[in-house]
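Novice: Requesting a structural model of the entry that follows:
(one chain, ligands or ions: 2)
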Amino acid sequence: MAMVQRKLQITNPSSLSLVISLSLLLAISSAKVFFEDRFDDGWESRWVKSEWKKDENLAGEWNYTSGKWNGDANDKGIQTSEDYRFYAISAEFPEFSNKDKTLVFQFSVKHEQKLDCGGGYMKLLSGDVDQKKFGGDTPYSIMFGPDICGYATKKVHAILTYNDTNHLIKKEVPCETDQLSHVYTFVLRPDATYSILIDNEEKQSGSLYSDWDLLPPKKIKDPEAKKPEDWDDKEFISDPEDKKPEGYDDIPKEIPDTDAKKPEDWDDEEDGEWTAPTIPNPEYKGPWNPKKIKNPNYKGKWETPLIDNPEFKDDPELYVFPKLKYVGIELWQVKSGTLFDNVLVSDDPDYAKKLAEETWGKQKDAEKAAFEEAEKKREEEESKDAPVDSDAEDGEDSDDAEADSKEDPSAEVDDDAHDEL
Ligand SMILES: *[C@@H]1O[C@H](CO)[C@@H](O)[C@H](O)[C@H]1NC(C)=O
Ligand SMILES: *[C@@H]1O[C@H](CO)[C@@H](O)[C@H](O)[C@H]1NC(C)=O
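Specialist: Ligands and ions are numbered 1, 2, ... in the order given. Model prediction:
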């Protein structure tokens with residue numbers, strides 16, 4: 001309601017802008033929010049911590065915090081707080097279908113730990129999920145958000161489950177890699193188009209038909225088609241008019257060096273008869289080849305004609321997830337420190353945009369300043385601790401940190417991610 005009020009205040013009495021304002025008002029007031037959590041007090045009553053990996057002592061604890069640097073110390077989220085741990089937590093909302101609606105899935109995430117291997121994505125799940133058992137094997141409908149591992153993986157995942165199979169987006173969408181909060185938004189529309197936004201800026205967009213392999217392709221190469229026998233696909237041919245010049249093959253490759261002189265101390269008896277060394281013959285042009293000319297009969301490269309794929313059956317509800325009911329975080333983290341906040345599931349991209357502006361947008365400058373302050377302090381501490389004369393000690397901390405997280409667990413992360421796919 002707060003937003004509705006604000007719109008009214010800026011209403012200009014001129015009739016045109018009144019109409020515009022009213023339509024905006026309608027658009028905004030019709031925004032449906034299926035789930036929104038800014039992690040205020042009481043968040044624990046909405047989120048269920050899974051017992052997944054507990055018996056192996058590998059279930060990580062969440063820290064309810066605004067983090068080491070932030071734009072508002074009172075605005076908390078949940079942060080992974082133990083290294084080498086699995087994390088699984090979820091919240092339920094009234095089941096809905098996105099049929100005929102736009103679906104917006106958004107959250108903010110900050111990797112305070114300088115993430116070098118781990119996920120920062122969230123999931124939407126459907127149907128009945130035992131939240132206490134929610135884990136890596138729990139089927140999900142959408143998995144979305146950043147994933148980083150080493151130098152090779154720095155991308156935004158957008159995995160859609162269709163017909164019980166997880167499909168990765170085929171386009172590369174780079175993610176943010178710094179230690180500040182960023183807002184990730186996935187928009188899926190009833191015309192089967194989508195957009196991926198980071199910090200309210202569109203980074204990728206397209207169609208479910210082209211950017212995922214959810215359905216078999218519409219067109220395939222005709223398996224019956226054959227290149228016609230008389231199809232000439234040679235672009236150039238030898239010029240039949242071009243003839244080898246007379247005596248061409250008699251030109252020697254090498255000729256005696258006429259500048260060479262018999263050395264003064266050459267002794268014919270001892271050294272044998274002196275012959276001049278040879279040098280490459282400038283007249284020699286290699287084996288003769290006729291000139292190439294454009295082939296007058298060239299028909300171009302033969303392409304297999306495309307036909308309608310008999311396997312393709314369009315699904316007008318390709319974009320529909322009929323029983324969305326949970327939002328969850330399920331991660332493996334080598335190094336903890338990933339902080340989630342401001343989770344939204346809605347049908348209105350404008351509402352999502354406003355939420356991002358009100359939260360991340362308002363705080364980002366102060367957060368950046370706080371981060372830079374924290375970095376300065378850290379560097380001062382480090383230079384105090386480190387012996388001045390040793391180069392090797394200088395970057396020790398960060399080197400260690402990298403080495404730590406690049407050991408075997410990175411392989412495990414990959415496995416884990418792939419298991420899910
Ligand atoms: C939670 O986060 C705060 C802020 O970064 C930190 O001071 C505190 O030690 C953390 N607590 C745990 C249990 O990790
Ligand atoms: C759904 O999956 C089944 C089993 O893998 C497969 O036979 C069927 O063709 C798939 N349907 C679509 C529309 O992809």
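
Novice: Spit out the contact partners of the one residue in the stretch 151-300 of the chain that gets nearest to ligand 1.
Specialist: Nearest to ligand 1 in the stretch 151-300 of the chain, going by CB to the nearest ligand atom, is residue 179, at a distance of 12.3 Å. No exception for glycine: its C-beta is placed from N, CA and C like everyone else's. Contacts for residue 179 (CB atoms under 8 Å, 6 or more residues apart in numbering) come out as 69, 110-114, 371.

Novice: Which ones among these lie within strands?
Specialist: Taking DSSP state E as the definition of strands, the contacts of residue 179 contribute 110-111.

Novice: Any of the contacts of residue 179 buried? List them.
Specialist: The neighbour-count test (16 or more other CB atoms under 10 Å) marks 69, 110-113, 371 as buried among these.

Novice: distance between the ends of stretch 249-267?
Specialist: Using CA to CA, to the nearest Å, one end of stretch 249-267 lies 37 Å from the other.

Novice: Now do it: distance to the chain's middle.
Specialist: Mean C-alpha position of stretch 249-267 versus that of the full chain (CA atoms, centre = their mean, to the nearest Å) differs by 66 Å.

Novice: again, but for stretch 231-249
Specialist: Distance, centroid of stretch 231-249 to centroid of chain: 52 Å (CA atoms, centre = their mean).

Novice: That stretch - what's its average pLDDT?
Specialist: Average pLDDT, stretch 231-249: 91.

Novice: just stretch 168-186 next, same as before
Specialist: Stretch 168-186 carries an average pLDDT of 96.

Novice: Going along the chain from the helix or strand harbouring residue 64, find the next helix or strand for me.
Specialist: Secondary structure assigned from DSSP states H and E places residue 64 in strand 62-65. For strand 62-65, the following helix or strand on the C-terminal side (DSSP H and E) is strand 77-80.

Novice: what about the residue most central in space within the chain, is that helix, strand or coil?
Specialist: For the chain, the residue sitting closest to the mean C-alpha position, by CA atoms, centre = their mean, is residue 155 at 2.7 Å. Secondary structure for residue 155, judged by DSSP: H, G, I helix; E, B strand; the rest coil, is strand.

Novice: how about it, what does it touch?
Specialist: By CB under 8 Å, 6+ apart, the neighbours of residue 155 are 146-147, 172-175.

Novice: just to revisit the earlier point, for the residue of the stretch 151-300 of the chain closest to ligand 1, what are phi and psi?
Specialist: Backbone geometry at residue 179, expressed as degrees, to the nearest 10, gives phi -110, psi 30.

Novice: Can you give me the separation between it and residue 120?
Specialist: Per CB to CB, to the nearest Å, residue 179 is found 12 Å from residue 120.

Novice: quick one: common contacting residues for those two?
Specialist: residue 111.

Novice: Show me what the longest strand anywhere in the chain is packed up against.
Specialist: Looking across the chain with DSSP E, the single longest strand is strand 85-96. Judged by 3 or more CB pairs under 8 Å, 6 or more residues apart in numbering; DSSP states H and E, strand 85-96 is in contact with strand 33-37, strand 47-49, strand 324-333.

Novice: Give me the sheet partners of the helix or strand following the longest one and which way each runs.
Specialist: Scanning the chain past strand 324-333 towards its C-terminal end, the next helix or strand to appear is strand 338-346 (assignment: DSSP H and E). Each strand paired with strand 338-346, and its direction, by DSSP bridges: strand 33-37 (antiparallel), strand 77-80 (antiparallel), strand 103-111 (antiparallel).

Novice: what does the second one contact?
Specialist: With contacts defined as CB under 8 Å, 6+ apart, strand 77-80 is touched by 39, 43, 47, 60, 62-67, 87, 89, 108, 110, 112, 331, 333, 336-342.

Novice: Out of those residues, which are close to ligand 1?
Specialist: Among these, the ones lying close to ligand 1 by the criterion of CB under 6 Å from any ligand atom are 63, 65, 67.

Novice: The nearest residue to residue 92 once chain neighbours are set aside and ligand 1, how far apart?
Specialist: The shortest distance from residue 92 to any non-neighbouring residue, by CB to CB, 6 or more residues apart in numbering, is to residue 326 (5.4 Å). Counting by CB to the nearest ligand atom, to the nearest Å, the gap from residue 326 to ligand 1 is 26 Å.

Novice: pretty sure residue 326 is touching residue 95, no?
Specialist: No: assessed by CB atoms under 8 Å, residue 326 is found out of contact with residue 95, at 9.2 Å.

Novice: Neighbour count: these two, which is higher?
Specialist: residue 326 (24 against 14; other CB atoms under 10 Å).

Novice: OK, contacts around the more buried one?
Specialist: Going by CB under 8 Å, 6+ apart, residue 326 touches 90-93, 124-126, 129, 131, 134.

Novice: Tabulate those (TSV), appending distance to ligand 1 and pLDDT.
Specialist: Formatted as TSV, the contacts of residue 326 follow (distance: CB to the nearest ligand atom, whole Å; pLDDT from 0 to 100):
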residue	distance to ligand 1	pLDDT
90	21	98
91	21	98
92	26	98
93	27	98
124	27	98
125	27	98
126	33	98
129	28	97
131	23	98
134	22	98
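
Novice: ChimeraX command to pick out the buried ones of the residues you listed?
Specialist: To isolate the buried ones among the contacts of residue 326 in ChimeraX, judged by 16+ other CB under 10 Å, type:
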select :90,91,92,93,124,125,126,129,131,134
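
Novice: rewinding a little: could you report the separation of the residue nearest to residue 92 from residue 156?
Specialist: 21 Å.

Novice: which other residues reach the strand holding residue 64?
Specialist: 39, 43-44, 49, 76-81, 87, 89, 339.

Novice: buried residues in it?
Specialist: Buried positions in strand 62-65, judged by neighbour count with 16+ other CB under 10 Å: 62-63, 65.

Novice: could the strands paired with strand 338-346 go into TSV alongside mean pLDDT and distance to residue 275?
Specialist: TSV is the format used below for the strands paired with strand 338-346 (pLDDT from 0 to 100; distance: least, CB to CB, whole Å):
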stretch	mean pLDDT	distance to residue 275
strand 33-37	97	95
strand 77-80	98	83
strand 103-111	98	77
